[in-house]
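**Student:** everything below, folded, please.
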Amino acid sequence: MSVDVIILAAGQGSRMKSDKPKVLHPIGGKPMVQHVIDSARGLESARLHLVIGHGADQVRAALGGQVLNFAVQAEQLGTGHAVAQAMDAVDRNGISLVLYGDVPLTRTETLQQLLRIAQQGHLGLLTVELADPAGYGRIIRDDLGAVVAIVEHKDATVTQRAVREVNTGILALPSRLLADWLPQLSSNNVQGEYYLTDVIAMAAAEGVRIEAIQPEHEQEVQGVNNRQQQSELERWYQRREAEWLMAEGVTLLDPSRVDVRGSLSAGRDVVIDINCVFEGVVRLGHGVEIGPNCSIRNASIGDGTVIKANSVIEDARVDAGCDIGPFARLRPGTELAKGAKIGNFVETKKARIGEGSKVNHLSYIGDAEVGEAVNVGAGTITCNYDGVNKFRTEIGDGAFIGSNSALVAPVKIGAGSTVGAGSTITKDVEAQQLSVARGKQRNLDNWQRPVKQKD
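**Tutor:** Prediction:
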């Protein structure tokens, strides 16, 4: 049976105090609505409909390239009205599942439970019990415990407001029933809106069975309306990621001070120190050690590599047994072969550093091919940019580059050659040659140092 997932993402989110649509604010490094889309993608035979309104162009642009049917809610007249905007594209013989772009962390497993209820011709409703239910629609049950209605907080009586079981807004039901009931909704309420929740009373009146289930965790159905709630959900998400990593055998020296903003996979005996941030897709091999305050984005780190404190790695590939940092920066396009070393205050970009090569101190290596067992002295830079174009530097196996050298690209340094300290190299150096390119030293006798003049 086909499944039409209707995701409501048209609201402004004024309490976020932002020019960005609320559903595009991130949790765990990606927009809230993308979390919802990803959970829905896990459902078999699901077609996704996104109802957009406020900031529609921004939402379309952010979600570009995905298979989504966009429906526009020009006026925000309530959840029932929003769902109605997508109904023309819904298969009446299938199941409809209604989700919310600002409720990002509902698990696919929870949604599957709702679909199983709807596939039997019933209405599946996701509810939750809260210690403080203020602001939420209350679940009203009859004397036998059956759900018969949902009353919004502003419309509820004092007795009804004492109910702790609340509506999450997430429900699944046969699409033909939803299509029949939506035109019957009324805006005769305090808000003057068309509430989707009114279909619960319609279902009860027509004898349609309503089955309420609850999520494994309250945070699965927690919505985000302001920055504080976003922060709370972010912390819960990060704690869940930390617990998963530790269950996989990763040592986190402080689980509350590691952030995963994407996908992180790790081998055995990985150790991660405090205040580390992982973004995009990051893969850590066995025995990797990461010091405090490191940022790693879209990178693969080989077995046994040690990354020391305060290092930044982005769009890079690091082989086994490398030594990086502290205070190193590997920019996009960097590749380190086995056993390479990048030391403190070294920056690399579009550079391949060969096996066993060392760039230990205060250097910049960009647009470069560095062979095996090369030693690059402190203060060395590859001058790869003429103000308009980029050029490459090639350094052969076993070369030795003296400290404070400038290699002006395009240039080739041959295998086994030596560049004397303080040289500015503008021409190719052949293999096994010594190249020294610096001003001649002069030592002057009887030179008097300047003295401070009296006022």
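
**Student:** now do the strands in the stretch 351-455 of the chain.
**Tutor:** Assigned by DSSP state E, counting those that start in this stretch, the strands in the stretch 351-455 of the chain fall at 358-361, 364-370, 375-376, 381-383, 393-395, 400-401, 406-408, 411-413, 418-419, 424-425, 434-435.

**Student:** between those, which one is nearest to L77?
**Tutor:** strand 364-370 (55.7 Å; Cβ to Cβ). Placement of C-beta: from N, CA and C, glycine included.

**Student:** ok, and what's touching the closest one?
**Tutor:** Identification of contacts with strand 364-370 by Cβ atoms under 8 Å, 6 or more residues apart in numbering yields 331, 346-354, 357, 359, 376, 380-382, 384-385, 390-395, 409.

**Student:** redo the strands of the stretch 351-455 of the chain as a markdown table? Include mean pLDDT.
**Tutor:** Compiled in a markdown table, these are given as follows (pLDDT from 0 to 100):
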| stretch | mean pLDDT |
| --- | --- |
| strand 358-361 | 97 |
| strand 364-370 | 98 |
| strand 375-376 | 98 |
| strand 381-383 | 98 |
| strand 393-395 | 98 |
| strand 400-401 | 98 |
| strand 406-408 | 98 |
| strand 411-413 | 98 |
| strand 418-419 | 98 |
| strand 424-425 | 97 |
| strand 434-435 | 97 |
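
**Student:** contacting residues for G42?
**Tutor:** T108, L111.

**Student:** pull up the gap between it and L245, please.
**Tutor:** Separation of G42 from L245 (Cβ to Cβ, to the nearest Å): 21 Å.

**Student:** do C294 as well
**Tutor:** 15 Å.

**Student:** before we move on, the earlier item: filter the contacts of strand 364-370 down to the buried ones, PyMOL style.
**Tutor:** Only the buried entries of those go into this PyMOL selection, using 16 or more other Cβ atoms under 10 Å:
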select buried, resi 331+346+347+348+349+350+351+352+353+354+357+359+376+380+381+382+384+391+392+393+394+395+409
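
**Student:** excluding chain neighbours, what is closest to I381?
**Tutor:** Y364 (4.4 Å; Cβ to Cβ, 6 or more residues apart in numbering).

**Student:** how many residues are close by that neighbour?
**Tutor:** For Y364, the count of nearby residues is 20 (other Cβ atoms under 10 Å).

**Student:** would you tell me what the next helix or strand after the helix or strand bottoming out on mean pLDDT in the chain is?
**Tutor:** Within the chain, no helix or strand scores below strand 147-151, which has a mean of 91 by mean pLDDT, DSSP states H and E. For strand 147-151, the succeeding helix or strand toward the C-terminus, using DSSP states H and E, is helix 158-161.

**Student:** pull that following helix out as PDB, backbone CA atoms only.
**Tutor:** C-alpha atoms of helix 158-161 as PDB (Å, rounded to 0.1, in the frame of the first residue of the first chain):
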ATOM      1  CA  VAL A 158      -9.800  23.800  33.500                       C
ATOM      2  CA  THR A 159     -10.500  20.100  33.800                       C
ATOM      3  CA  GLN A 160      -9.200  19.300  30.400                       C
ATOM      4  CA  ARG A 161      -6.000  21.300  31.000                       C
END
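
**Student:** look up how far I272 lies from D303.
**Tutor:** Taken as Cβ to Cβ, the span from D303 to I272 is 15 Å.

**Student:** higher neighbour count, the two?
**Tutor:** I272 (28 against 18).

**Student:** where along this structure do the helices fall?
**Tutor:** 32-41, 56-62, 79-84, 108-118, 158-161, 175-181, 198-205, 227-247 (DSSP state H).

**Student:** deepest-packed of those helices, please.
**Tutor:** helix 79-84 (a mean of 23; mean count of other Cβ atoms under 10 Å).

**Student:** for that helix, what is the average pLDDT?
**Tutor:** For helix 79-84, mean pLDDT is 97.

**Student:** please apply the same query to stretch 94-102.
**Tutor:** Stretch 94-102 comes out at a mean pLDDT of 98.

**Student:** okay, now the nearest residue in space to I140 that is not next to it in sequence: neighbour count?
**Tutor:** Nearest residue to I140 in three dimensions, chain neighbours excluded: A149, at 4.3 Å (Cβ to Cβ, 6+ apart). For A149, the neighbour count with other Cβ under 10 Å is 20.
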